[in-house]
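Participant: Starting from these lines, generate the structure:
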Amino acid sequence: MRTISGVLLSSALILVSAGVALGHEKDPKVSGTAVSGASTAGTVETQGPVDAEGVVQGATSTEAGVQANVPLNGIRDRAKKASAKAYAAVQKDLAAISRRVDAEVSEHGDAVVAARIAPEFGMTAEAMIAEQSTADAELGELMIAHTLMANSKVAVTVEQLFVLQREGLGWGQIAHGLNLKLGEVTAAVRSEGNVAAGLAKADGKTAAIRSGTQVASSTKTGVQTGPVRAGAASSVGVGLDVGK
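Facilitator: From the prediction side, this is the model:
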């Protein structure tokens, strides 16, 4: 009888032990084992929001891209509202000034022209040449981009301005998108073009362009020596002559 009782008692203890072990496997809180849909503190780090099916979304890069594009959307919207006649005239003048600067580069080299114009934007010649390479742009257009950026009330980078330009927007449209007065854009860029061409000395200050949407028929900037007519009346032939 004692032998039978001992066997029965041993069997009961084995069954109880098996039940406890099975309970541990089913309860992740006891074993620390993670199951699908649950996470243990210190084990799983969520990298982004989870969608309806429990898939973690990579929100960090997406949100950064959206934030970077916010100012560009506003610029695009305003640029599309620019007067075609007004910005086309400005674009024509800016293209002529840009070509003149690039001609100086062809004659004297990037280093010489960059050394003339870089101080106007608080840069070194080396930094401007490096930026030119990164932007894959001619020095004339880089000068235009910096002139617009320096006068913009919108926080925008040169790189972002080139994004807009390569989307097909002209510099006149971009200037309007930045809420700069088109009637003053040509005069400011011409002033910086004079510096790049060696016709004027750098003073460490970017030529000013006021904010506004109206196109002035005649205007003066702080660095110009005389009035400059905007639009079709602007003279491309004297685009780089000071005092005309």
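Participant: give me the low-pLDDT residue ranges for this protein?
Facilitator: 1-70, 213-244 (pLDDT under 70).
Participant: mind redoing it with 80?
Facilitator: Scanning the chain for pLDDT under 80 picks out 1-71, 212-244.
Participant: for the helix or strand Gly183 falls within, packing partners?
Facilitator: Of the helices and strands defined by DSSP states H and E, Gly183 is found in helix 182-196. Secondary-structure packing of helix 182-196 (3 or more Cβ pairs under 8 Å, 6 or more residues apart in numbering; DSSP states H and E): helix 84-108, helix 110-117, helix 139-151, helix 171-177, strand 218-219, strand 228-229. (C-beta placed from N, C-alpha, C; glycine too.)
Participant: Next, the angle from the third one to helix 110-117.
Facilitator: Looking back up the chat, that one is helix 139-151. Orientation check (axes from the mean of the first three to the mean of the last three Cα atoms, to 10 degrees): helix 139-151 against helix 110-117 gives 30 degrees.
Participant: With only the CA atoms kept, save helix 139-151 in PDB.
Facilitator: The C-alpha trace of helix 139-151 is given here as PDB (Å, rounded to 0.1, in the frame of the first residue of the first chain):
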ATOM      1  CA  LEU A 139      28.700  81.200 -60.900                       C
ATOM      2  CA  GLY A 140      26.400  83.700 -62.500                       C
ATOM      3  CA  GLU A 141      23.300  81.800 -61.400                       C
ATOM      4  CA  LEU A 142      24.800  81.100 -58.000                       C
ATOM      5  CA  MET A 143      25.200  84.800 -57.600                       C
ATOM      6  CA  ILE A 144      21.500  85.300 -58.500                       C
ATOM      7  CA  ALA A 145      20.400  82.700 -56.000                       C
ATOM      8  CA  HIS A 146      22.400  84.200 -53.200                       C
ATOM      9  CA  THR A 147      21.100  87.700 -53.900                       C
ATOM     10  CA  LEU A 148      17.500  86.400 -53.700                       C
ATOM     11  CA  MET A 149      18.100  84.300 -50.600                       C
ATOM     12  CA  ALA A 150      19.800  87.200 -48.800                       C
ATOM     13  CA  ASN A 151      16.800  89.400 -49.300                       C
END
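Participant: Just want the angle from it to helix 182-196.
Facilitator: Going by the same axes, to 10 degrees, helix 139-151 makes 130 degrees with helix 182-196.
Participant: Show me what helix 139-151 packs onto, helices and strands only.
Facilitator: Under the contact criterion of 3+ Cβ pairs under 8 Å, 6+ apart, helix 139-151 touches helix 84-108, helix 110-117, helix 125-135, helix 158-166, helix 171-177, helix 182-196.
Participant: any chance of those helices in JSON lines, plus mean neighbour count and distance to His146?
Facilitator: Shown next, in JSON lines, are the helices and strands packed on helix 139-151 (neighbours: other Cβ atoms under 10 Å; distance: least, Cβ to Cβ, whole Å):
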{"stretch": "helix 84-108", "mean neighbour count": "19", "distance to His146": "12"}
{"stretch": "helix 110-117", "mean neighbour count": "20", "distance to His146": "8"}
{"stretch": "helix 125-135", "mean neighbour count": "16", "distance to His146": "8"}
{"stretch": "helix 158-166", "mean neighbour count": "18", "distance to His146": "6"}
{"stretch": "helix 171-177", "mean neighbour count": "28", "distance to His146": "12"}
{"stretch": "helix 182-196", "mean neighbour count": "27", "distance to His146": "8"}
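Participant: Format the helices and strands packed on helix 182-196 as CSV; extra columns: distance to Arg76.
Facilitator: Shown next, in CSV, are those (distance: least, Cβ to Cβ, whole Å):
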stretch, distance to Arg76
helix 84-108, 14
helix 110-117, 28
helix 139-151, 15
helix 171-177, 7
strand 218-219, 26
strand 228-229, 28
